[in-house]
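Student: Test case, fold it:
(4 chains)
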Protein chains: 2
Amino acid sequence: MTGLLATTLTTKLTVSNLLDGDDIRAIQSLPIRTRNIDALHVIVADGDRPAECCLLTEGFAFRAKTTFDGQRQVLSMHIPGEIPDLQSLHLKVMDHDLTSLTRCTTGFIPHDALRQLNRERPNVAAALWRETLIDAAIFREWIVNVGRRSAAARMTHLLIELYRRLEAVGLAKSGAFELPITQSLLGDCLALSTVHVNRVLQDLRGAGLLTVNRANFQLLQQEKLEDMAGFDGAYLHQAPSI
Amino acid sequence: MTGLLATTLTTKLTVSNLLDGDDIRAIQSLPIRTRNIDALHVIVADGDRPAECCLLTEGFAFRAKTTFDGQRQVLSMHIPGEIPDLQSLHLKVMDHDLTSLTRCTTGFIPHDALRQLNRERPNVAAALWRETLIDAAIFREWIVNVGRRSAAARMTHLLIELYRRLEAVGLAKSGAFELPITQSLLGDCLALSTVHVNRVLQDLRGAGLLTVNRANFQLLQQEKLEDMAGFDGAYLHQAPSI
DNA sequence: CGGACTGTTGATTCGAATCAAAACCGGTGG
DNA sequence: CCACCGGTTTTGATTCGAATCAACAGTCCG
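Tutor: Okay, the predicted model is just below:
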């Protein structure tokens, strides 16, 4: 693994973990297969038994489950630097879909190579484990979002979360970020109908709290938005080793 | 660690992981502090920085978040054999509460000891990691439950999940299990009001699908219940190493 | 026996879904 | 260049599931 792919992963892991030079070199020598993926393409499907993990380098992806009666619930959004299906390393069968939102650049790393790395470099294993735990922390907050917040607070909370995560990897600043997501998919994230998503966004725009043109989101009054969403970023565990 | 505590943990981990004799001996020699905890007592609180993990040996516990306006959302239920705060090993600050539902027998294991064990015995590290990944899989299904299912389906899905998990550790059979949970707490699990929980349970009883007297739940028509809940147990990842 | 949860019932309200249709857009091909 | 098309966004009218409000009954326990 060299170039962008290596940088993406090592940057992510060294920010919040204590890796030494050997750890980083071991990561950089992982075998990796680069692949470009079209928008809205199922990368790994529910029921699959993948033999590799997918490192997202460019573009966005999301994980979702579909109920037997065809309703879809998005479980998480994924941004560059993440390995959305890292859990497949220890859970053989996928229990949900991983889908590209936009065109993506990805790197596939064989499970075997990752297992060997984990065995030889406990620091790296701990860092990767930690990433899956942050994942779980985000799921927990997602449960609260869908279960307990009003439609407007739900929307706001999701947008702030995305902003914070994108900001942390340099893909957003000053409250602005690019995310080519439809209102329908936002509805599947928030367990709201498309119609209601539209109305909520209009209310938020009307209140002067944000703007949205196509894929461009601009959070205008972050303080106020955080208040109305009851947002506390602690669950993102972004501070180094905290 | 000896006796019941050791048995609880090693049973759990050996069922679905490949541990050898040395692994098991290493687990059994973990230092552990036994403690009894009263019902409805906060074991680890949001914001805490625990230095040990809590192995649940007897009794039930749950994890929950409270929003700034005082609403509570239960995130998961925990049964004997589980380590509900294992994530604290790598995420220093708790982002939710862990609370006992009933009187519990617990064993506290220092993080230091667990870290050393993970370093020396990669098999054990993988087994523990896997437990946290199953945790996350259950969170994902919980999102779907709260986000996409009707009140009745939600209730049913939760009860079947609990039954399956209890059955797997020998604490339930023939559709029956003991769980001293109030309707109010069930509401906090399902994001429903207490009143509505009551009505849904009456409907299910009325349809002859289950009975509830105090803490005793009896699922009468499991097939039918699974159908109406859209239950697919794959997300519990109970089959050994699958 | 009294008090505090817990469970139950009925009446009413409300947030969001649903249904239906129009307006808007970005592309495609004639 | 314009007509057309599918997907997306927007608007309005109506319905519905669950919340809320308000009592009351049951149960446990000191």
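Student: Most proximal residue of chain A with respect to DNA strand C?
Tutor: A:His196 (2.9 Å; CB to the nearest atom of the strand). The C-beta positions use only the backbone N, C-alpha and C, and glycine is treated the same way.
Student: Let me know the secondary structure of that residue.
Tutor: helix (DSSP: H, G, I helix; E, B strand; the rest coil).
Student: before we move on, what about A:Glu141?
Tutor: Relying on three-state DSSP, one would call A:Glu141 helix.
Student: What are the phi and psi values at the residue nearest the centre of chain A?
Tutor: With distances taken as CA atoms, centre = their mean, A:His78 lies nearest the centre of chain A, 2.3 Å away. Note on A:His78: backbone dihedrals following degrees, to the nearest 10 are phi -130, psi 140.
Student: what's across from it in the sheet?
Tutor: Beta-bridge partners recorded for A:His78 (DSSP bridges): A:Ala61.
Student: State the pLDDT value of the residue of chain A closest to DNA strand C.
Tutor: As predicted, A:His196 sits at a pLDDT of 98.
Student: moving C-terminal of the lowest-mean-pLDDT helix or strand in chain A, what's the next helix or strand?
Tutor: The least trusted helix or strand in chain A, going by mean pLDDT, DSSP states H and E, turns out to be helix A:3-16, with a mean of 75. Going down the chain from helix A:3-16, the next helix or strand is helix A:21-28, by DSSP states H and E.
Student: who does that next one touch, helix- and strand-wise?
Tutor: Packing contacts for helix A:21-28, counted by 3 or more CB pairs under 8 Å, 6 or more residues apart in numbering or on different chains; DSSP states H and E, involve helix A:3-16, helix A:111-120, helix A:122-148.
Student: mind listing what A:Pro50 touches?
Tutor: Counting by CB atoms under 8 Å, 6 or more residues apart in numbering or on different chains, A:Pro50 touches A:Val44, A:Asp85, A:Ser88, A:Met94, A:His111.
Student: Domain ranges for chain A, per the record?
Tutor: A:3-141, A:150-236 (automatic domain parsing).
Student: Just put these in JSON lines and tack on distance to DNA strand D.
Tutor: Formatted as JSON lines, the domains of chain A follow (distance: least, CB to the nearest atom of the strand, whole Å):
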{"stretch": "domain A:3-141", "distance to DNA strand D": "8"}
{"stretch": "domain A:150-236", "distance to DNA strand D": "3"}
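Student: Low-confidence regions, chain A specifically.
Tutor: For chain A, the stretches flagged by pLDDT under 70 are A:1-3, A:240-242.
Student: deepest of the domains of chain A, which one?
Tutor: Most buried of the domains of chain A by mean neighbour count (mean count of other CB atoms under 10 Å in any protein chain shown) is domain A:3-141; its value is a mean of 19.
Student: Out of the domains of chain A, which is closest to B:Leu30?
Tutor: domain A:3-141 (17.2 Å; CB to CB).
Student: Could you tell me how far A:Leu101 is located from B:Glu226?
Tutor: A:Leu101 is 32 Å from B:Glu226, where distance means CB to CB, to the nearest Å.
Student: on that earlier part again, would JSON lines of the domains of chain A with distance to B:Leu158 be doable?
Tutor: As requested, those are exported to JSON lines (distance: least, CB to CB, whole Å):
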{"stretch": "domain A:3-141", "distance to B:Leu158": "15"}
{"stretch": "domain A:150-236", "distance to B:Leu158": "17"}
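Student: B:Thr182: which of those domains is closest?
Tutor: That would be domain A:3-141 among the domains of chain A, by CB to CB, at 22.0 Å.
Student: Now do that closest one: distance to the chain's middle.
Tutor: Offset of domain A:3-141 from its chain centre (CA atoms, centre = their mean, to the nearest Å): 9 Å.
Student: Likewise for stretch A:196-209?
Tutor: On CA atoms, centre = their mean, the centre of stretch A:196-209 falls 24 Å from that of its chain.
Student: Not counting its own residues, what contacts that stretch?
Tutor: By CB under 8 Å, 6+ apart, stretch A:196-209 touches A:151-152, A:155-156, A:183-184, A:186-187, A:190, A:192, A:210-212, A:219-221, A:224-225, A:228.
Student: try 10 Å this time
Tutor: A:150-156, A:159, A:182-190, A:192-193, A:210-212, A:217-222, A:224-225, A:228 (CB atoms under 10 Å, 6 or more residues apart in numbering or on different chains).
Student: and stretch A:119-126, is it in reach of chain B?
Tutor: Yes: applying CB under 10 Å from any CB of the partner chain, one finds stretch A:119-126 in contact with chain B at A:Arg119, A:Glu120, A:Pro122, A:Asn123, A:Ala125, A:Ala126.
Student: quick one: contacts for the fifth one?
Tutor: Right, the one you point to is A:Ala125. A:Ala125 neighbours (CB under 10 Å, 6+ apart): A:Asp23, A:Leu114, A:Arg115, A:Leu117, A:Asn118, A:Arg119, B:Asn118, B:Arg119, B:Pro122, B:Ala125, B:Ala126, B:Trp129.
Student: try the first one
Tutor: If a contact means CB under 10 Å, 6+ apart, then A:Arg119 has A:Ala125, B:Pro122, B:Asn123, B:Ala125, B:Ala126 as its contacts.
Student: Quick check: A:Leu201 vs B:Leu192, distance?
Tutor: For A:Leu201 relative to B:Leu192 (CB to CB), the value is 27 Å.
Student: Not counting residues beside it along the chain, what's closest to A:Trp142?
Tutor: B:Ile143 (5.4 Å; CB to CB, 6 or more residues apart in numbering or on different chains).
Student: give me the number of residues near that neighbour?
Tutor: B:Ile143 has 23 neighbours, counted by other CB atoms under 10 Å in any protein chain shown.
Student: Let me know whether it touches A:Ser76 as I believe.
Tutor: Yes: the pair B:Ile143 / A:Ser76 is scored as a contact, 8.9 Å apart, by CB atoms under 10 Å.
Student: Quickly list what's touching both of those two.
Tutor: A:Phe139, A:Trp142, A:Cys189.
Student: name the element the last one belongs to?
Tutor: If I follow you right, that is A:Cys189. helix A:183-190.
Student: need the contact list for A:Thr57.
Tutor: A:3-9, A:34, A:36, A:80-82, A:104-107.
Student: What does it show for phi and psi?
Tutor: phi -110, psi -40.
Student: need the contact list for the nearest residue to it once chain neighbours are set aside.
Tutor: Excluding the flanking residues, the one nearest A:Thr57 by CB to CB, 6+ apart is A:Thr105, at 4.4 Å. For A:Thr105, the contacting residues are A:4-5, A:8, A:34-37, A:55-59, A:80, by CB under 10 Å, 6+ apart.
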